[in-house]
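A.B. asks: Structure for the following, please:
(one chain, ligands or ions: 2)
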Amino acid sequence: MKTQLLTEHDIDTAAEILRSGGLVGIPTETVYGLGANGLNAAAVGRIFTAKGRPQDNPLILHIPDPAWLDRCCRNIPPAAYRLARQLWPGPLTMILQRRENVPNAVTCGLDTVGVRCPDHPLALAVIEAAGVPVAAPSGNLSGRPSPTCARHMLEDMDGRIDAILDGGPCGVGVESTIIDMTVPIPRLLRPGGMPLERLREALGEVVVDKAVTAQLGAGEKPRAPGMKYRHYAPKAPVIVVTGDSRRTARYIRRNLGEHTGVICFDEYAGQFPNCVIEAIGPVSDKARQARRVFDALRAFDSTDVDTIFAQCPGSSGLGMAVANRLKKAAGFRVVDLGEDAT
Ligand code: TXA
Ligand code: MG
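C.D. replies: Ligands and ions are numbered 1, 2, ... in the order given. Here you go, the predicted structure:
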């Protein structure tokens with residue numbers, strides 16, 4: 001299959017491919033998604049083949065307007081409508097009870113479904129034009145870092161999908177925050193582009209699921225099935241170092257080998273001689289770190305590093321999402337040097 005590269009002028013072509021059961025790479029504000037008609041089980045099945053995605057990992061549906069919620073979900077609590085009103089379009093996925101018209105192929109047989117309204121003009125235009133909810137996981141091969149530009153998506157998907165709509169680099173850079181709204185106290189299943197603090201402002205109490213910060217034990221079942229897989233991983237092993245940035249930099253300097261990669265804050269980029277450096281932004285600029293983290297992880301694959309150390313931001317704001325992606329890339333191999341107050 002030849003993968004076409006489409007531009008903003010090709011919205012109708014992209015929509016037509018979706019309507020006829022094909023696969024299209026779609027830019028969103030978080031990361032590029034691999035879209036298919038979310039009401040067509042055969043089309044959705046092709047997503048799993050193209051990504052090499054495990055069959056037990058459900059997809060989220062993308063809608064262009066909160067008014068479409070009722071087309072995919074039922075028993076929607078008032079708090080979910082409130083979130084939709086306040087925070088959509090935006091990097092937030094809500095888990096809700098599914099309607100029967102949502103195929104098992106999307107939910108992997110669960111009675112819930114993830115729904116989000118992305119904040120990207122091209123994504124909204126394509127979904128509107130297709131006239132159906134669009135199922136879309138991140139557009140990477142399963143296990144790889146999520147793509148934040150069309151070129152990265154093409155690296156993984158060339159020849160496997162019909163087209164990629166190039167909308168330039170993604171503004172947020174990490175995936176949406178996932179919140180389960182089917183339980184009495186809303187539960188954060190994946191930190192992402194919508195900070196936990198914003199959700200607490202809107203909802204009051206929000207519980208953070210254990211899988212966000214720690215590796216689950218052998219018998220433990222994650223509430224977001226995707227959280228159990230090693231993910232975002234470059235080819236070389238990653239070690240995350242948490243704590244105050246001066247201490248983490250010192251620790252990494254002391255442990256450098258011959259072929260070491262370092263993910264660090266900009267302030268420290270000059271401190272690791274003879275290493276491959278990916279600076280992800282100033283200590284205080286978590287929005288920039290979020291935009292850079294997947295590109296940084298991807299960049300090491302074209303080098304000969306055999307170990308990658310990563311400085312890790314504190315957990316406020318977007319730091320929670322950045323830290324989670326780094327730790328997942330490391331398979332939760334973490335050197336903990338104490339609290340980072342940021
Ligand atoms: O920002 C995003 O969310 C991007 C863009 C393309 O929209 N999409 C994305 O999809 O990150 P994906 O498939 O890579 O991640 C979706 C996550 C997976 O961990 C999956 O297990 C979880 O959502 N999920 C989907 N449906 C669920 C459900 N009904 N209950 C719990 N978790 C669910
Ligand atoms: Mg993904």
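
A.B. asks: Over to V241: give its phi and psi.
C.D. replies: phi -120, psi 120 (degrees, to the nearest 10).

A.B. asks: Likewise for A310?
C.D. replies: phi -130, psi 130.

A.B. asks: Ok, V134 next?
C.D. replies: Dihedral angles of V134 (phi, psi; degrees, to the nearest 10) stand at phi -110, psi 120.

A.B. asks: any idea how far it is from R198?
C.D. replies: 25 Å (C-beta to C-beta, to the nearest Å). (Each C-beta comes from the backbone N, C-alpha and C, glycine too.)

A.B. asks: ok but I164 is inside a strand, no?
C.D. replies: Yes. With DSSP: H, G, I helix; E, B strand; the rest coil as the criterion, I164 is part of a strand.

A.B. asks: What is the neighbour count of it?
C.D. replies: Neighbours of I164 under the rule other C-beta atoms under 10 Å: 26.

A.B. asks: now R74
C.D. replies: Neighbours of R74 (other C-beta under 10 Å): 11.

A.B. asks: for it, what are its contacts?
C.D. replies: 96-99 (C-beta atoms under 8 Å, 6 or more residues apart in numbering).

A.B. asks: Any chance of JSON lines for those residues, columns distance to L154 and neighbour count?
C.D. replies: Output for the contacts of R74, formatted as JSON lines (distance: C-beta to C-beta, whole Å; neighbours: other C-beta atoms under 10 Å):
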{"residue": "L96", "distance to L154": "33", "neighbour count": "21"}
{"residue": "Q97", "distance to L154": "37", "neighbour count": "16"}
{"residue": "R98", "distance to L154": "32", "neighbour count": "24"}
{"residue": "R99", "distance to L154": "34", "neighbour count": "14"}
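
A.B. asks: Dump those to JSON lines, plus secondary structure.
C.D. replies: Output for the contacts of R74, formatted as JSON lines (three-state DSSP):
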{"residue": "L96", "secondary structure": "strand"}
{"residue": "Q97", "secondary structure": "strand"}
{"residue": "R98", "secondary structure": "strand"}
{"residue": "R99", "secondary structure": "coil"}
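
A.B. asks: export those residues to a markdown table and tack on distance to ligand 1?
C.D. replies: Output for the contacts of R74, formatted as a markdown table (distance: C-beta to the nearest ligand atom, whole Å):
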| residue | distance to ligand 1 |
| --- | --- |
| L96 | 8 |
| Q97 | 9 |
| R98 | 7 |
| R99 | 13 |
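
A.B. asks: so what pLDDT did R253 get?
C.D. replies: We have a pLDDT of 98 for R253.

A.B. asks: How about E220?
C.D. replies: 86.

A.B. asks: ok, now how distant is it from A341?
C.D. replies: Relative to A341, E220 is positioned 30 Å away (criterion: C-beta to C-beta).

A.B. asks: Check H152 too.
C.D. replies: 33 Å.

A.B. asks: Show me which of these two is the more surrounded one.
C.D. replies: Neighbour tally, H152 and A341, criterion other C-beta under 10 Å: the higher count belongs to H152, 22 against 6.

A.B. asks: what's near enough to touch the more buried one?
C.D. replies: Per C-beta under 8 Å, 6+ apart, neighbours of H152: 32, 140, 145, 294-295, 298.
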